[in-house]
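Engineer: Dropping a prediction and its sequence here:
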Amino acid sequence: MKSALALMLSLAFISTASGKVVTQTIEYRSGDRTCEGYLAYDDSTAGQRPGVLVVHQWMGLTDYEKSRCEQLAQLGYVAFAADLYGQGVRPDSPQSAGAQAGQFKGDPSLTRRHVGAAFDWLTQHERVDPAKTAAIGYCFGGWVCLELARSGKDVAGVVGFHTGLDASNPDDAQNIKGRVLILNGADDPHVSPESVAAFIKEMTDAGVKYEYVAYEDAVHAFTQPMAGDDKAKGAAYNEAADKRSWDAMKRFFVDLFK
């Protein structure tokens, strides 16, 4: 591995039909912060391939993001789950999660610095083609991916699942070098029509290639089974929207990396 910041803490093989997906817990640095990410790739494939950064929701890096990395590895990508909060910082309540996420929402420079460190680690991995990279994120993580693109990082595409859209400075969209795909619930109470309109204007004014998809009957967190099934709470799992959004991401990547 090219980056001297990387430290492999554990190594495992995912039990799949092919039995070839390798996972590693990775310690890396972001400024003075020690972070603990998660890497997954198919060890049977030689040479470099596209790399995908996975950014967690407001509860921090969990088994959910790790499982998404493993799914991406099975599709042939090198997937790396970022740890924005830092090693050992795993919120155990909505209140503590809100406090952690709030630090980033209130300071875009902090957000860009920490997600940028994870992205740089991924692009330096020996199995990754640095010219073929993407980032996906869930809820808070989707917004973080947008900030990664707005920072001017050389990322080919970003995908946000049930994501916030707000921009501290809409003019920063001029820095976006790749494409953007947003996959939201049409009934998400956390995404207002005004924010959607502002996002579309932001992308259009900057000449960014983007697509915005709203899934009917879906609220916030529709890809996450742990959200439960009570739509009245504003966050609930929707199996149909989950599958359709994952398929949309796969098509996006095929076109992006062709």
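Structural biologist: Sure thing, it's come through.
Engineer: Would you confirm that residue 198 contacts residue 170?
Structural biologist: Yes. Judged on Cβ atoms under 8 Å, residue 198 makes contact with residue 170 at a distance of 7.3 Å. All C-beta spots, glycine's among them, are computed from the backbone N, C-alpha and C.
Engineer: Off-centre distance for the host helix or strand of residue 64?
Structural biologist: Assigned by DSSP states H and E, residue 64 belongs to helix 63-74. Offset of helix 63-74 from its chain centre (Cα atoms, centre = their mean, to the nearest Å): 11 Å.
Engineer: neighbours of residue 165, just the number please.
Structural biologist: 23 (other Cβ atoms under 10 Å).
Engineer: Once you drop chain neighbours, what's closest to it?
Structural biologist: Setting aside the residues directly before and after it, residue 165 is nearest to residue 199 in space (Cβ to Cβ, 6 or more residues apart in numbering), at 4.0 Å.
Engineer: Against which helices or strands is the host helix or strand of that neighbour packed?
Structural biologist: If you go by DSSP H and E, residue 199 is part of helix 193-206. Contacting helix 193-206 under the criterion 3 or more Cβ pairs under 8 Å, 6 or more residues apart in numbering; DSSP states H and E are the following elements: strand 179-185, strand 210-215.
Engineer: Adjacent strands (with direction) for the first one?
Structural biologist: Going back to what we said before, that points to strand 179-185. According to DSSP bridges, strand 179-185 forms sheet pairs with strand 157-161 (parallel), strand 210-215 (parallel).
Engineer: Now find how far off-centre it is within its chain.
Structural biologist: That offset, for strand 179-185, works out to 12 Å (Cα atoms, centre = their mean).
Engineer: What are the contacting residues of it?
Structural biologist: By Cβ atoms under 8 Å, 6 or more residues apart in numbering, the surrounding residues in contact with strand 179-185 are 142, 146, 149, 156-163, 165, 191, 196, 199, 203, 208-215, 218-220, 222, 238, 241, 245, 248-249, 252, 256.
Engineer: could you redo the last one with a cut-off of 7 Å?
Structural biologist: With contact meaning Cβ atoms under 7 Å, 6 or more residues apart in numbering, strand 179-185 is reached by 149, 157-163, 191, 203, 208-215, 218-220, 222, 241, 245, 248-249, 252, 256.
Engineer: Stretch 230-248 too?
Structural biologist: Taking Cβ under 7 Å, 6+ apart as the rule, stretch 230-248 contacts 161, 181, 183, 185, 189-190, 213, 215, 217-225, 227-229.
Engineer: Could I have the buried ones of the residues you listed as ChimeraX selection syntax?
Structural biologist: A single ChimeraX command selects the buried members of these (16 or more other Cβ atoms under 10 Å):
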select :161,181,183,185,190,215,218,219,220,221,222,223,224,227
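Engineer: Would you map the helices across this protein?
Structural biologist: Remark: helices assigned in the chain by DSSP state H are 63-74, 94-105, 108-123, 140-150, 193-206, 239-256.
Engineer: Enumerate every residue touching the nearest residue to residue 134 once chain neighbours are set aside.
Structural biologist: Nearest residue to residue 134, sequence neighbours excluded (Cβ to Cβ, 6+ apart): residue 157, at 4.6 Å. For residue 157, the contact set (Cβ under 7 Å, 6+ apart) comprises 134, 178-179, 181, 252, 256.
Engineer: again, but for residue 141
Structural biologist: Neighbours of residue 141 in contact, by Cβ under 7 Å, 6+ apart: 55-57.
Engineer: for this structure, what are the low-confidence residue spans?
Structural biologist: Applying pLDDT under 70 to the chain flags the ranges 1-19.
Engineer: still on that earlier bit, tell me what the helix holding residue 64 is packed against?
Structural biologist: Under the contact definition 3 or more Cβ pairs under 7 Å, 6 or more residues apart in numbering; DSSP states H and E, helix 63-74 sits against strand 21-30, strand 33-42, strand 49-55, strand 78-81.
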